[in-house]
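Undergrad: How does the following fold in three dimensions:
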Amino acid sequence: MLMEFFSEDELIGEVNVRGVSMAGGVPKRSLDTKRIDIIRKFCLDQEEAGIDKENLWRQCVTAMNKKISAINQNFKI
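TA: Got it, this is the predicted structure:
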C-alpha cells in the first residue's frame with residue numbers, strides 16, 4: 001500500500017514512516033501523517049479480534065521503512 005499512497009520521489013532521501021532516526025543518526029522527515037493514518041486504519045481493520053493490533057502496526061511500520069530503505073539503496077546506485 002505504501003507505493004499506492006506515496007510516489008517514489010516522496011520516499012527518496014532521509015525519510016521514514018514516523019520521522020524517527022536511530023539514536024545519534026541523521027534526522028529524518030516523516031511521511032504525510034494523514035496518508036499513513038489511512039494505511040494504518042486499513043491494515044488494522046483487516047485483522048481479526050484478539051490480535052495485538054499495536055504489535056501488528058509496529059510490524060507494518062518496520063516493513064514500510066524497509067521498503068523505503070530498499071528504494072534509497074537502488075537510488076544510490
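Undergrad: Below-threshold pLDDT in this structure: ranges please.
TA: 24, 49, 76-77 (pLDDT under 70).
Undergrad: residue ranges for the strands of it, please.
TA: 15-16, 29-30 (DSSP state E).
Undergrad: so of the ones you listed, which one's packed in deepest?
TA: strand 15-16 (a mean of 18; mean count of other C-beta atoms under 10 Å). C-betas here are computed from N, CA, C, even on glycine.
Undergrad: name the helices or strands packed onto it?
TA: Secondary-structure packing of strand 15-16 (3 or more C-beta pairs under 8 Å, 6 or more residues apart in numbering; DSSP states H and E): strand 29-30, helix 53-76.
Undergrad: Can you lay out the ones you listed as a markdown table showing distance to Ser21?
TA: Formatted as a markdown table, these follow (distance: least, C-beta to C-beta, whole Å):
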| stretch | distance to Ser21 |
| --- | --- |
| strand 29-30 | 10 |
| helix 53-76 | 11 |
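Undergrad: out of those, which comes closest to Leu11?
TA: helix 53-76 (5.0 Å; C-beta to C-beta).
Undergrad: tell me what the closest one is packed against?
TA: helix 2-5, helix 8-11, strand 15-16, helix 33-45.
Undergrad: Which strands or helices does the second one pack on?
TA: With contacts defined as 3+ C-beta pairs under 8 Å, 6+ apart, helix 8-11 has these neighbours: helix 53-76.
Undergrad: buried sites along the helix it packs on?
TA: Cys60, Val61, Met64, Asn65, Ile68, Ile71 (16 or more other C-beta atoms under 10 Å).
Undergrad: Dump the residues you listed to a markdown table, plus distance to Lys41.
TA: What follows is the buried residues of helix 53-76, written out as a markdown table (distance: C-beta to C-beta, whole Å):
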| residue | distance to Lys41 |
| --- | --- |
| Cys60 | 11 |
| Val61 | 14 |
| Met64 | 15 |
| Asn65 | 19 |
| Ile68 | 20 |
| Ile71 | 24 |
